[in-house]
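**Q** structure for the following, please:
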Amino acid sequence: MSGSRGEIGLLGVEMSVDVTKRHAESLAAELRRRLLERRRAEAAAGQPAGQELEAAVAELVDDQAASLSAARRAQIREFILRETVGLGPLEELLADPRVEEVMVNGPGDVYVERGGRIERTEVSFESERALRDAIERILAPLGRRVDELSPMADARLADGSRVNVIIPPLSVDGPALSIRRFTAARPDPDDLVESGTLTAELRELLARAVAARRSILISGGTGSGKTTLLNALSSYIDPMERVVTIEDAAELRLRQPHVVRLESRPASVEGRGEVTVRDLLRNALRMRPDRIVIGEVRGSEALDLLTALNTGHDGALSTVHANSPEDALRRIETLALMAGIGLPHEAIREQVRRGIQLVVHLTREGDGARRVVAVGEVTAVAGGVGVTELWTR
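**A** Numbers count the residues shown, from 1 in each chain. Here you go, the predicted structure:
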């Protein structure tokens, strides 16, 4: 976008010397309407818009509000940019490094998670339209959109943060938006000992297990720290090994030099182009991996993982949602049955017993702390597969 006064004049918005917040809001609204379409076109062409837009807004404010103080003009520029290409009132929340997740349950209902605890904020959107505009500004550069025909969307931002959107009529009280943040820094095992997630004894046990190529399943509830622990344990993989990671949203940051990162892709609005975790896992087996790391097993790819673990691809690491180590194994069995190829339940249980060696279970405590509470070894028991306790907190 050009920063010339001629182009800005086309917006038909005048800002008098006595600039007020109301005037700034009016200008931002007009800029939004005209820039959203332009940003879509620029995003489709791979052209960044941020710097040119910032220069244009700065020229507009400096020209029309020259008599104001530099600090006041800077505030107005920041407000216009935030409301035009930023995330509006969410910007101040996302600027806080302690915020792990932002949850918007409608224009007037915004929560955040800090230190593992959820709290309500004073932040709000002035209208449902303002919230929808913010959602559109998030999705448009990613080539995604939501509307009545496609009222849900998952996306990943450039920093790896996950975004989920659902709008009416599926979301009854207005658009719902969640942004789960992932920083570039990842705690290593020593950091997890310091925070209390692991003990020093358990760190050594798991380090030996990873180095010995034991296949490890990490289980726990939502937000219990499964991915963080998975990323930390990966540091014990031999740096000479070729590692292939497979995720729905690329969150892992492995430190090994030889890592191939694969990420699934949802179907387009037209219903085409979907690539599932199962598709990626099948392809990964042809990539000569020494280790396969799956961010989370949540579907029929469980069967392909068990098959791989029983045909020479040992030492895999993955996570699964479950309430206990025993439940984790039951869930893997259930997910494998979803493949629908007619394998007897007993055959799948045998593959679980032979393919997975350890289950590590985490919980999130009431104070927000994440802790490993149990480590079990997968063993055969009467009637199926069980977990023998190796370590418990």
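**Q** quick one: the helices in this protein?
**A** Remark: helices assigned in the chain by DSSP state H are 5-9, 21-44, 50-64, 70-84, 90-94, 128-139, 189-195, 200-211, 226-233, 277-284, 301-309, 325-337, 345-355.
**Q** rank those helices by pLDDT, which is bottom?
**A** Among the helices of the chain, helix 5-9 carries the lowest mean pLDDT, a mean of 42.
**Q** which residues does the residue lying closest to G368 once chain neighbours are set aside contact?
**A** The shortest distance from G368 to any non-neighbouring residue, by CB to CB, 6 or more residues apart in numbering, is to G116 (2.4 Å). (Glycine included, C-beta is placed from N, CA and C.) Neighbour list for G116: E100, G223, R364, E365, D367, G368, A369, R370 [criterion: CB atoms under 8 Å, 6 or more residues apart in numbering].
**Q** and the buried ones among these, selectable in ChimeraX?
**A** Here is the ChimeraX selection string for the buried members of these, based on 16 or more other CB atoms under 10 Å:
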select :100,223,364,370
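**Q** list just the nearest of the contacts of G116 to L305.
**A** Nearest to L305 among the contacts of G116: G223, at 23.4 Å, using CB to CB.
**Q** okay, now M338: neighbour count?
**A** Residues lying near M338 (other CB atoms under 10 Å) number 12.
**Q** so how far is R298 from it?
**A** M338 is 10 Å from R298, where distance means CB to CB, to the nearest Å.
**Q** circling back: need the contacts of G116 in TSV (columns: pLDDT and distance to R180).
**A** What follows is the contacts of G116, written out as TSV (pLDDT from 0 to 100; distance: CB to CB, whole Å):
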residue	pLDDT	distance to R180
E100	90	7
G223	86	9
R364	92	14
E365	89	20
D367	83	20
G368	82	15
A369	89	19
R370	93	15
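**Q** so which of the contacts of G116 comes closest to L217?
**A** Looking across these and measuring by CB to CB, the closest to L217 is R370, at 17.0 Å.
**Q** relative to L229, how far out is the closest one?
**A** Here the criterion is CB to CB. By it, R370 lies 8 Å from L229.
**Q** joint contacts of those two?
**A** Listed contacts common to R370 and L229 are T197, L362; contacts here mean CB under 8 Å, 6+ apart.
**Q** which ones among the contacts of G116 map onto strands?
**A** E100, R364, R370 (DSSP state E).
**Q** switch the residues you listed over to TSV; also include distance to A284.
**A** Shown next, in TSV, are the ones in strands among the contacts of G116 (distance: CB to CB, whole Å):
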residue	distance to A284
E100	30
R364	30
R370	28
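**Q** going by distance to E251, which of these wins?
**A** Nearest member of the ones in strands among the contacts of G116 to E251, counting by CB to CB, is E100, at 12.7 Å.
**Q** tell me the spacing between that closest one and I294.
**A** From E100 over to I294 the distance is 23 Å, taken as CB to CB.
**Q** can you check M103 too?
**A** Distance from M103 to I294, counting by CB to CB: 26 Å.
**Q** could you do A374 as well?
**A** To I294, A374 is 21 Å away according to CB to CB.
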